[in-house]
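K.L.:
Mind looking at a prediction? Sequence and model below.
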Amino acid sequence: MRRALLPVLLVFVSACSASSAEKPVAPSPVAHTTAAPSPSPAPPALTLDEAAQAFRDHLAVDDVARVTGDERWALELARDGQDLITIAQYRGSRSKPPRYTWGEPTLIVPRQNGRAPLWFAAVAERRAPGEDPRQALLVFVQQGGIWQNSFESLLETDLPEIELDPEGYATALDSRDESIAISPHLMGPLHATVAEEGSGGYASALIEPGPHTTGYHDEIASLDKEFRRREVGYDSIFALAVGFPVFAIRTADGGGLLLYSLTRTTTWTPEGTAQGMHMEIPEAARWTIFTEVIIKERRILETQQYVSRVPPRDSTAPAAIIGYDGLVTRGSVSN
């Protein structure tokens with residue numbers, strides 16, 4: 001029933017927002033426009049106005065799902081990493097997920113030919129009750145005529161200037177593009193390596209130190225020492241989220257803005273007399289783990305979504321993590 005109602009509600013929302021759709025969303029105030037290419041590019045398969053309407057429609061329908069606590073409906077609007085995040089939001093809140101209000105978006109719409117699934121990004125202020133407003137970066141992918149949220153992260157610093165053509169369209173980078181310092185398909189694995197190996201690892205010079213890189217390594221080392229005193233083995237492994245897309249966009253300086261997902265799998269393994277111990281469950285994992293008793297192993301998996309700024313290939317500057325969001329999306333205990 002919900003799947004049947006979704007297209008109808010989308011049409012209703014589109015009609016309600018028709019007057020606002022008449023005002024095209026302005027290109028990013030930080031955007032940089034390049035010289036006119038020659039020859040003239042083909043018309044875009046997705047226009048700025050169409051992307052703006054898709055953004056408004058999606059958020060309106062998503063809000064209805066959140067108000068009613070309808071997880072199945074919400075999952076029809078999500079995919080990739082956001083599919084798992086949505087499950088965690090609903091089940092972790094007993095079907096009372098956070099409800100957001102949004103500011104006007106700045107759109108990042110690549111010029112696409114329509115052969116692959118269409119996608120676009122949007123940056124908008126996200127506000128939740130009791131929280132400070134944050135700038136969120138979202139990616140939407142068209143699937144079966146419906147725009148689904150594939151990626152959502154919170155910016156921790158200003159977005160770099162995006163390279164735009166004279167009509168306001170961005171340039172998407174191939175996953176194996178080599179014109180930037182770190183090819184998009186390699187950024188996730190290198191990020192995971194720095195998180196595990198810290199400043200002494202071989203990849204540390206490629207990515208700026210910080211809480212989401214070398215900070216993870218320091219945290220893991222400290223917790224490992226603490227748990228060993230309690231006869232508990234502790235480990236935390238990072239990896240590229242296999243099967244989730246990597247989105248990459250050209251920046252005005254010739255570098256790239258990269259959007260990708262990692263997984264973090266953390267395990268606690270009691271040893272010797274510690275088997276059968278009680279250990280408090282982290283608050284974020286209480287929706288998926290229901291016992292504090294660990295005999296063999298406790299395992300928690302997080303889905304993490306990152307925004308990185310990567311310099312041009314000829315630059316000596318390191319890449320930087322400029323956005324992050326994530327939740328515990330799975331947990332288990334072996335007894």
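P.N.:
Structure's in. What do you need? Keep in mind it's a predicted model, so treat the numbers as computed, not measured. Numbers count the residues shown, from 1 in each chain.

K.L.:
what about residue 260, neighbour count?
P.N.:
26 (other Cβ atoms under 10 Å). Using the backbone N, CA and C atoms, a C-beta is placed for each residue, glycine as well.

K.L.:
Could you say whether it sits in a helix, a strand or coil?
P.N.:
strand (DSSP: H, G, I helix; E, B strand; the rest coil).

K.L.:
Any buried residues in the helix or strand hosting residue 87, and which?
P.N.:
Mapping residue 87 onto the secondary structure by DSSP states H and E places it in helix 80-91. By neighbour count on 16 or more other Cβ atoms under 10 Å, the buried set for helix 80-91 is 80-90.

K.L.:
Tabulate these (TSV), appending distance to residue 194 and pLDDT.
P.N.:
Shown next, in TSV, are the buried residues of helix 80-91 (distance: Cβ to Cβ, whole Å; pLDDT from 0 to 100):
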residue	distance to residue 194	pLDDT
80	23	97
81	20	96
82	25	97
83	27	97
84	23	97
85	23	98
86	29	98
87	29	98
88	25	97
89	28	97
90	33	97
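
K.L.:
Which of those sits closest to residue 98?
P.N.:
residue 89 (6.7 Å; Cβ to Cβ).

K.L.:
correct me, but that closest one touches residue 97?
P.N.:
Yes - taking contacts as Cβ atoms under 8 Å, residue 89 lies within contact range of residue 97: 4.2 Å.

K.L.:
picking that back up, now the element after the helix holding residue 87, going C-ward?
P.N.:
strand 101-102.

K.L.:
Mind giving me the packing neighbours of the lengthiest helix in the chain?
P.N.:
Criterion DSSP state H: the longest helix present in the chain is helix 48-68. Packed against helix 48-68 by the contact rule (3 or more Cβ pairs under 8 Å, 6 or more residues apart in numbering; DSSP states H and E) you find helix 2-16, helix 18-21, helix 71-76, strand 106-108, strand 119-127, strand 134-143, strand 146-155.

K.L.:
rerun at 7 Å
P.N.:
Here helix 48-68 touches helix 2-16, helix 18-21, helix 71-76, strand 106-108, strand 134-143, strand 146-155, going by 3 or more Cβ pairs under 7 Å, 6 or more residues apart in numbering; DSSP states H and E.

K.L.:
ok and it relative to strand 134-143, angle-wise?
P.N.:
Relative orientation of helix 48-68 versus strand 134-143 (axes from the mean of the first three to the mean of the last three Cα atoms, to 10 degrees): 100 degrees.

K.L.:
what is the orientation angle of helix 48-68 with helix 80-91?
P.N.:
30 degrees.

K.L.:
what's the closest non-adjacent residue to residue 160?
P.N.:
Leaving aside its sequence neighbours, residue 160 sits nearest to residue 251 (Cβ to Cβ, 6 or more residues apart in numbering; 4.7 Å).

K.L.:
is the one you found in a bridge, and if so with what?
P.N.:
residue 162 (DSSP bridges).

K.L.:
need the contact list for it.
P.N.:
Contact analysis of residue 251 by Cβ atoms under 7 Å, 6 or more residues apart in numbering lists 160-163, 257.

K.L.:
ok so, going back, which secondary structure elements does the helix holding residue 87 contact?
P.N.:
helix 71-76, strand 146-155, strand 297-310, strand 320-334.

K.L.:
And what about residue 178, helix, strand or coil?
P.N.:
Classified using three-state DSSP, residue 178 is coil.

K.L.:
could you list every residue that touches it?
P.N.:
Per Cβ under 7 Å, 6+ apart, neighbours of residue 178: residue 313.

K.L.:
same thing but at 10 Å, please
P.N.:
Under the criterion of Cβ atoms under 10 Å, 6 or more residues apart in numbering, the neighbours of residue 178 are 184, 186, 313.

K.L.:
which non-adjacent residue is nearest the residue of the chain most remote from its centre?
P.N.:
Taking Cα atoms, centre = their mean, the residue of the chain most remote from its mean C-alpha position is residue 273, at 40.8 Å. Distances taken as Cβ to Cβ, 6+ apart place residue 231 nearest to residue 273, at 6.3 Å, with adjacent residues excluded.

K.L.:
Nothing else from me, thank you.
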